[in-house]
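Novice: give the three-dimensional model of this entry:
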Amino acid sequence: MNTTQTLSALGFLLIATTLEVSGDAVVRLAIYNHSGLVRMALMVGGAALLFGYGFSLNLAPVEFRQVVGLYIATLFVIWQMINFLVFRTTPTLSILVGGILIVLGGLIVTFCNPNYSS
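Specialist: Model prediction:
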């Protein structure tokens with residue numbers, strides 16, 4: 001993966017993971033904090049965000065098998081940011097250590113094997 005592909009893929013991944021985690025957060029808020037029409041409206045909004053995630057992830061200009069490592073790493077980081085912003089929850093030490101391993105693993109999967117075999 002060259003630098004241009006990496007930056008382009010990262011842009012799509014940031015959009016996709018932000019949509020996914022935001023959609024999950026909206027659905028969670030709907031389930032636990034609301035009822036009636038507000039709950040239904042939030043569920044529809046969450047579903048739209050989740051659709052946007054799937055759509056944008058599949059627009060990334062690299063093969064799916066190549067983007068998955070970077071996707072998981074990006075997902076972890078965005079998930080923690082949204083978790084803090086929406087639910088005011090800070091990550092514990094074990095989450096931070098595990099997150100470092102997730103990010104390192106994602107980088108290894110994405111960048112350490114440029115010659116994928118079919």
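Novice: same for the helix or strand containing Ile78, what does it pack against?
Specialist: Secondary structure assignment for Ile78, by DSSP states H and E: helix 64-87. With contacts taken as 3 or more Cβ pairs under 8 Å, 6 or more residues apart in numbering; DSSP states H and E, helix 64-87 sits against helix 3-33, helix 93-111. C-beta: built from backbone N, CA, C; applies to glycine.
Novice: will you turn these into JSON lines that also has mean neighbour count?
Specialist: Listed next are the helices and strands packed on helix 64-87 as JSON lines, based on neighbours: other Cβ atoms under 10 Å:
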{"stretch": "helix 3-33", "mean neighbour count": "17"}
{"stretch": "helix 93-111", "mean neighbour count": "14"}
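Novice: closest to Val86 out of the ones you listed?
Specialist: helix 3-33 (4.8 Å; Cβ to Cβ).
Novice: what angle do that closest one and helix 64-87 make?
Specialist: Relative orientation of helix 3-33 and helix 64-87, computed by axes from the mean of the first three to the mean of the last three Cα atoms, to 10 degrees: 40 degrees.
Novice: which outside residues touch the very next helix or strand once past helix 3-33?
Specialist: Following helix 3-33 in sequence order, the next helix or strand is helix 36-57 (DSSP H and E). Around helix 36-57, the neighbours that count as contacts under Cβ atoms under 8 Å, 6 or more residues apart in numbering are 12-13, 15-17, 19-20, 22-27, 29-31, 34, 67, 71.
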